[in-house]
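Asker: Prediction below, plus the sequence it came from.
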Amino acid sequence: MNYFVAKNSIVREIWGKSDTILLIFAGASAEFALNKAVDWLYFTGKLPKDPLGRLFSTVSYARGIVFSEKETAFKTIEHINAIHRTIEKRRGKPIPNWAYKDVLFMLIDYSIRSFEILERPLKTHEKEEVFHVFFKVGQQMKIKDLPKSYSNYKTMRQLHINQNLYNGNFTKDLLKQYRKHLGMVRFWLLLESQILITPKPVRQLLHLRAFSILKPLIPLYKISKTINLDSFLKAMILPMEYKTQIKALNQT
């Protein structure tokens, strides 16, 4: 079969494990809250009503593309484009091109960061492979002015972080929604995970510490995976309605 992402790709390894995906989710939840285009996610009303579901849907779309045949992946991307066109028509203006790039850039960045935190350092060619997979997604989405190389991407990523993030009223409201839907203990775990994975400018804008309490626990978590204790730990910290979804994320 002709897959969108090769079966031996590091991208499949990253997106085939629920723990790396959850860490990607944590980083994305921080940047979604800070992005200057977050008002687009508030326009439909779906984000404040179900912030976890909205973020999971973004992760699920990306993951579905990674494990699909080319034709199915292209149809999924076109479906995403159609959803965006409908929202743009309702609001009467286009979603900024830089906002599309922001989401694509954070998926690349947090894919790399999550795997390196929980597994091992990635080699340069593996990081480039992550970039090229999402570059193909961006091309299919008709996103303009995409970086042509991983090196170019890193420069643009830093520029976008510096220009497009802002702690405003939507940020404050979204954090309240996270706390409301997660509960205090799980919200605390989300914040500690965000400290663990997000770049310094994101932590500063959210007024987060530089050091996560979870960091010294990572080696213990790796040991727990060898004795299959990690499933029990995730079951304890995840909201009931998402436990089945998270379990289904494991593909490797």
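Answerer: Happy to help now that I have it. Numbering: from 1, shown residues only.
Asker: mind checking how far Arg85 is from His79?
Answerer: 11 Å (C-beta to C-beta, to the nearest Å). Where you see a C-beta, it was placed from the backbone N, CA and C, and this is true even at glycine.
Asker: I meant Val5, not that one.
Answerer: Counting by C-beta to C-beta, the separation of Val5 from His79 is 18 Å.
Asker: So for these two, which residue has more residues nearby?
Answerer: Val5 (21 against 11; other C-beta atoms under 10 Å).
Asker: For that one, give me its contacts.
Answerer: Contact analysis of Val5 by C-beta atoms under 8 Å, 6 or more residues apart in numbering lists 11-12, 65-67, 133.
Asker: Okay, buried residues for stretch 85-105 please.
Answerer: Neighbour counts over stretch 85-105 (16 or more other C-beta atoms under 10 Å) mark 98-105 as buried.
Asker: repeat for stretch 144-162
Answerer: In stretch 144-162, counting by 16+ other C-beta under 10 Å, buried: 146-147, 150, 153-154, 156-157, 160-161.
Asker: With stretch 175-193 instead?
Answerer: Buried residues in stretch 175-193 (16+ other C-beta under 10 Å): 175, 177-178, 181-182, 186-187, 189-193.
Asker: among the residues you listed, which are in helices?
Answerer: Among those, the ones falling in helices (DSSP state H) are 175, 177-178, 181-182, 186-187, 189-193.
Asker: ok, which pair from those is furthest apart?
Answerer: Pairwise distances across these peak at 18.6 Å for Gln177 and Glu192 (criterion: C-beta to C-beta).
Asker: any weak-confidence spans in this structure?
Answerer: 226-252 (pLDDT under 70).
Asker: contact partners of the strand or helix carrying His132?
Answerer: Taking DSSP states H and E as the criterion, His132 maps to helix 124-140. Under the criterion C-beta under 8 Å, 6+ apart, residues 4-5, 9-11, 14, 62, 65-66, 73-74, 77-78, 100-101, 104, 107-108, 111-112, 122, 146-147, 149-150, 153 lie in contact with helix 124-140.
Asker: who touches stretch 105-118?
Answerer: Contacts of stretch 105-118 (C-beta under 8 Å, 6+ apart): 10-11, 13-15, 17, 19-21, 23-24, 27-28, 31, 62, 122, 127, 130-131, 134, 153, 156-157, 160, 196-197, 199, 218, 221-222.
Asker: try 6 Å
Answerer: 14, 19-20, 23-24, 27-28, 31, 62, 122, 127, 130-131, 134, 157, 160, 197 (C-beta atoms under 6 Å, 6 or more residues apart in numbering).
Asker: From those residues, which land in strands?
Answerer: Applying DSSP state E to those, no entry is found in strands.
Asker: Filter those residues down to the ones in helices?
Answerer: Of these, the ones assigned to helices by DSSP H are 14, 19-20, 23-24, 27-28, 31, 62, 127, 130-131, 134, 157, 160, 197.
Asker: Grab the two from those that are most spread out in space.
Answerer: Farthest pair in the ones in helices among the contacts of stretch 105-118, by C-beta to C-beta: Asp19 and His160, 26.8 Å.
Asker: Can you lay out the buried residues of stretch 85-105 as TSV showing distance to Thr171 and secondary structure?
Answerer: Converted to TSV, the buried residues of stretch 85-105 look like this (distance: C-beta to C-beta, whole Å; DSSP: H, G, I helix; E, B strand; the rest coil):
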residue	distance to Thr171	secondary structure
Trp98	18	helix
Ala99	15	helix
Tyr100	20	helix
Lys101	20	helix
Asp102	14	helix
Val103	16	helix
Leu104	21	helix
Phe105	19	helix
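Asker: Thanks a lot, catch you later.
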